[in-house]
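Asks: Just need the structure, nothing else, for what follows:
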Amino acid sequence: VVRRMSPGGRRQDGNVHMDTVVPGSTFSINVYLSVPPGTEGGELVLWPVRKGSLDRFLNAHFFETIEVQNFYPQHTFYTHDLLASGRIEPIVYRPAAGDVVLIDPAYPHAVRDFEGPADLRRISLQTFVQVSRRGSGSGAGASEVQLEYAV
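Replies: Here you go, the predicted structure:
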């Protein structure tokens, strides 16, 4: 997928979302082709929340609300306030042209808006890779990891 980002048109702190709910099963690969120099914003923000089976069960409403808010970016949900509260310290990364970034999109993440003249663009390529295991997992070579391209 080619993504072309212009200044404005989104929340300053980005649209927090998750692309999958099962951690470790899918990875997002982002290649940054063009990043406007001298602009503020555009950082990738990832919240490393606990997402084990028990955590997902106990906090199901939180994760479901993040999934829903992706479809309603004009609304503010309690999850936005919780993540912005600083209780969960986010990982913030400012990409440069030529960077390749892999993330687990099962964690809440966003791309902050950036400021600058209207003709500035940030261009990136994005794809997803599925990770699956085959085999019983016992003994040497009995289990193998399989990567599948998934757009």
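
Asks: For Arg122, which non-adjacent residue is spatially closest?
Replies: What sits nearest to Arg122 in space, not counting adjacent residues and going by Cβ to Cβ, 6 or more residues apart in numbering, is Met5, at 4.3 Å. C-beta coordinates here come from the backbone N, C-alpha and C atoms, glycine included.

Asks: Please report the distance of the one you found from Val35.
Replies: The gap separating Met5 from Val35 is 9 Å, by Cβ to Cβ, to the nearest Å.

Asks: Find the residues that touch each one of the two.
Replies: 42, 122 (Cβ atoms under 8 Å, 6 or more residues apart in numbering).

Asks: which residues of this protein score low on pLDDT?
Replies: Within the chain, the ranges that satisfy pLDDT under 70 run 21, 23, 39, 70, 73, 134-151.

Asks: Please point out which parts of the top strand by length along the chain sit buried.
Replies: Ranked by residue count under DSSP state E, the longest strand found in the chain is strand 122-135. The neighbour-count check on strand 122-135 (16 or more other Cβ atoms under 10 Å) flags 122, 124, 126, 128 as buried.

Asks: So the second one is in contact with Arg3, correct?
Replies: Put plainly, it is Ser124. Yes - Ser124 is within contact range of Arg3, at 4.9 Å (criterion: Cβ atoms under 8 Å).
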